[in-house]
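# Return atomic coordinates for the entry below.
(2 chains)
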Amino acid sequence: MRRPLAPRILAYSVLVLGAIVVAFPLLFALSYSFMTPSEVATYPPPILPSSPNFDNYGTVFATIPIGRYLLNSFVVSAAVVVGQLATASLAAYAFSFLVFRFRTLLFFVFLSTLMIPWEATIIPNYITIRTLGWLDTYQGLAVPFMATAFGTFLLRQAFLQIPRELWDSARIDGASSLRFFRSMVLPLARPALGTVAIYGFLSTYNQYFWPLLITNERLMRTTQVGIAQLRDEETLRWGLIMAGVVMVAVPTLALLVLGQRQLIRGLTAGAVKG
Amino acid sequence: MRFTRRDARELGVGLAYLAPSLILFVAFVFYPLARTFILSLYNTRTTGVPTTFAGADQYTELLSSPTFRDGIVATTFFALYTVPVSIAVSLILAVMLNQRLRGINVFRTMMSSTIAVSAAVGSLIWLLLFNPSLGLLNYVLSLVGVRGPDWLTQPGAAIIAVSITSVWLLLGTNIIVLLAGLQGVPEEIYEAARLDGARGLRLFLRITVPLVSPSLFFLLVVDTINVLQSFTQIHVMTKGGPVDATRTLVYSIYLDAFQNFQFGFASAQAVVLFGIVLALTALQFGVIERRVHYQ
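Sure thing, here's the model as predicted:
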């Protein structure tokens, strides 16, 4: 049943208005990234660039090693994703298919890590990383985040959907536990693995506090820290800063558009009782 | 119950699968948590090495410190300004998005876009919007005859500026969670309410809000924990200033540990943070889960 025209136009107008308001800061950053310094400084503040140009983007490359920052962030985020997929899928497999003593207790041990804020443990973690000599290294940035209780929980839910008959017949055929895991469980749970991967990537790529703390060398900074330091170094060049902001935000926004379904599935797993 | 050899073997296999996660959790979650407690009971050298046992000294010092008290006040206002506003705005937007219209997914993606935006990126953009001479915000205010404050140099305005930025950053997550909650409400309930004459605001307050109350309470707890842990907005926008107005608990931990090198004193504050988050989680699991309306 289609609604009559007038209410539909009203509904769309409200939606367009809402979308513009919410997305405004992002569109604003994009617009300012194409402005010259003198245009940024005019009053009243302009909304759109009078003659859009890419100069600011070139200047970002000339001012900071943004390519290296992006590389660092991608390497660390990818390492965390691979690590989380490995540790969480193994643990989730044990929690869904294997039977052993203390299984429930151990599952609660995993879940309890969700109640411990990272910031409350950051001091000893910093000391640990320093003692290991991992300051200014990829492993220092990635290893502490390679286990995930949230991901384990999500994958366990997915593994529990896999019919038990598959497990029974695999056992009768003499397949080992590890082989069943590799050839049946992992392929069947691909969507859930995708959700864990997207979450791991986004949250690592967007980190700020930890990389700020454990990196000092200019070339080991991640994008978030590097871009924020642009602000301290280039206070008055807002067009330049906005160009940097756009370059840092584009990968995550692209990921949002591509992986929206996986993201939504992950977020709502904890929020809505099924 | 006897622990047989078979039990031992099964436990061994199970632990082998859990080991990678468990080792990491012990190294980077449980051990540091215990270590934080221990550090909070000691005086420490500037390198973080504990020297003499201090007992509850750090905690008594904490309680008598005006900076700490102001920090707790700043954290509370930060949460009060941010969480209810963000949830309310998100609920209105989620109701708008919960329509069957052609192209609705484009709007859903646009409005939930802040879920992918990092706190650093958001803070930099809002820093420019709040800029007193170049920023758009004070210009727009001047159009309606309001003289905007120097957002980041006036104590009262700075905490509001950081809160507005956080409200915006939380919108994406909140909208996705609330939209999922709204989509779980069967259309028949609305039909029945409309037949009974409920319309507009009444329908919203009497039917919509109670039915999504599980999602609302989930967000209330999760957003509050999120705000309590916020560091980036403060570090990028205000550095805790002006005159400690935005020196929240997390920022205070950072300053005392990594700028003043008082690791013991900072650890006592980390224990306080842990206690607050634990209490909020307990609240969610214990009290609220039982009271909120579930279908």
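
# contacts, neighbours, all on C-alpha from now
Will do.

# Give me the buried stretch members for stretch B:144-164, please.
If you call a residue buried by 16 or more other CA atoms under 10 Å in any protein chain shown, then stretch B:144-164 has these buried ones: B:149, B:151-152, B:155, B:157-164.

# go on, stretch B:256-275?
For stretch B:256-275, by 16+ other CA under 10 Å, it's B:256-258, B:261-271, B:273-275.

# give me the subset of these touching chain A.
Intersecting the buried residues of stretch B:256-275 with the contacts of chain A gives B:257, B:263, B:267, B:270-271, B:273-274 (criterion: CA under 8 Å from any CA of the partner chain).

# Closest to chain A out of these?
Nearest to chain A out of those is B:A270 (CA to the nearest CA; 4.5 Å).

# name the element the closest one belongs to?
helix B:263-283 (DSSP states H and E).

# Over to B:V83?
B:V83 belongs to helix B:66-97 when assigned by DSSP H and E.

# Rebuild the buried residues of stretch B:144-164 as TSV, extending it with secondary structure, distance to chain A and pLDDT.
Listed next are the buried residues of stretch B:144-164 as TSV, based on DSSP: H, G, I helix; E, B strand; the rest coil; distance: CA to the nearest CA, whole Å; pLDDT from 0 to 100:
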residue	secondary structure	distance to chain A	pLDDT
B:P149	coil	17	90
B:W151	coil	16	92
B:L152	coil	14	91
B:P155	helix	21	89
B:A157	helix	19	94
B:A158	helix	18	96
B:I159	helix	19	95
B:I160	helix	17	96
B:A161	helix	14	96
B:V162	helix	15	97
B:S163	helix	15	97
B:I164	helix	12	97
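
# out of the residues you listed, who's nearest A:T215?
A:T215 lies nearest to B:V162 out of those, by CA to CA, at 25.4 Å.

# Touching, that closest one and B:T232? I think so.
No. Distance between B:V162 and B:T232: 10.1 Å, which falls outside the contact criterion (CA atoms under 8 Å).

# From the contact counts, what lies against the helix or strand where B:L178 lies?
Here B:L178 sits within helix B:155-183, counting by DSSP H and E. Identification of packing neighbours for helix B:155-183 by 3 or more CA pairs under 8 Å, 6 or more residues apart in numbering or on different chains; DSSP states H and E yields helix A:260-271, helix B:66-97, helix B:104-111, helix B:119-130, helix B:213-228, helix B:232-237.

# if we can go back for a sec, pipe the ones next to chain A among the buried residues of stretch B:256-275 into JSON lines and attach pLDDT per row.
As requested, those are exported to JSON lines (pLDDT from 0 to 100):
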{"residue": "B:A257", "pLDDT": "94"}
{"residue": "B:F263", "pLDDT": "92"}
{"residue": "B:S267", "pLDDT": "95"}
{"residue": "B:A270", "pLDDT": "96"}
{"residue": "B:V271", "pLDDT": "96"}
{"residue": "B:L273", "pLDDT": "96"}
{"residue": "B:F274", "pLDDT": "96"}
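
# Output those in TSV; the columns should cover distance to A:G67.
Output for those, formatted as TSV (distance: CA to CA, whole Å):
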residue	distance to A:G67
B:A257	32
B:F263	35
B:S267	37
B:A270	36
B:V271	39
B:L273	37
B:F274	37
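
# tell me the secondary structure for B:T51?
Following DSSP: H, G, I helix; E, B strand; the rest coil, we place B:T51 in the strand state.

# my read: it touches B:Y42, true?
Yes. Contact status for B:T51 versus B:Y42: in contact at 6.7 Å, counting by CA under 8 Å.

# quick revisit: list the contacts of the helix holding B:A270.
Helix B:263-283 has contacts (CA atoms under 8 Å, 6 or more residues apart in numbering or on different chains) with A:115-117, A:119-121, A:123, B:36-37, B:39-46, B:48, B:50, B:58-59, B:62, B:221, B:225, B:228, B:249-250, B:252-254, B:256-257.

# per the record, what domains does chain B have?
Domain assignment for chain B by automatic domain parsing gives B:5-53, B:67-291.

# do you know which of those domains lies nearest A:V248?
Closest approach to A:V248 among the domains of chain B is made by domain B:67-291 (7.6 Å; CA to CA).

# returning to what we had before: name the helices or strands packed onto the helix holding B:V83?
Counting by 3+ CA pairs under 8 Å, 6+ apart, the packing neighbours recorded for helix B:66-97 are helix A:5-32, helix B:104-111, helix B:155-183, helix B:213-228, helix B:249-254.

# quick one, it and helix A:5-32 angle?
Helix B:66-97 and helix A:5-32 are oriented at 140 degrees to each other (axes from the mean of the first three to the mean of the last three CA atoms, to 10 degrees).

# Could you list the low-pLDDT ranges of the stretch 151-295 of chain B?
Along the stretch 151-295 of chain B, segments meeting pLDDT under 70 span B:287-295.

# Let me fix that, I meant to ask about chain A.
Low-confidence regions of chain A, defined by pLDDT under 70, span residues A:1-3, A:235, A:269-274.

# before we move on, which element is the residue positioned nearest the centre of chain A in?
Nearest residue to the geometric centre of chain A (CA atoms, centre = their mean): A:L202, 0.7 Å. Element membership for A:L202, per DSSP H and E: helix A:190-205.

# gap between the closest residue to chain B within the stretch 101-250 of chain A and A:P4?
Nearest to chain B in the stretch 101-250 of chain A, going by CA to the nearest CA, is A:A120, at a distance of 4.5 Å. According to CA to CA, to the nearest Å, A:A120 and A:P4 sit 56 Å apart.

# And the two? Which one has more around it.
Taking other CA atoms under 10 Å in any protein chain shown, A:A120 and A:P4 do not tie; A:A120 has more neighbours (28 against 8).

# could you measure the residue lying closest to that one once chain neighbours are set aside against B:F25, distance?
Using CA to CA, 6 or more residues apart in numbering or on different chains and skipping residues adjacent in sequence, the residue nearest A:A120 is B:A270, 4.5 Å away. Applying CA to CA, the value for B:A270 to B:F25 is 18 Å.

# now A:R103
Between A:R103 and B:F25 the distance, using CA to CA, works out to 16 Å.
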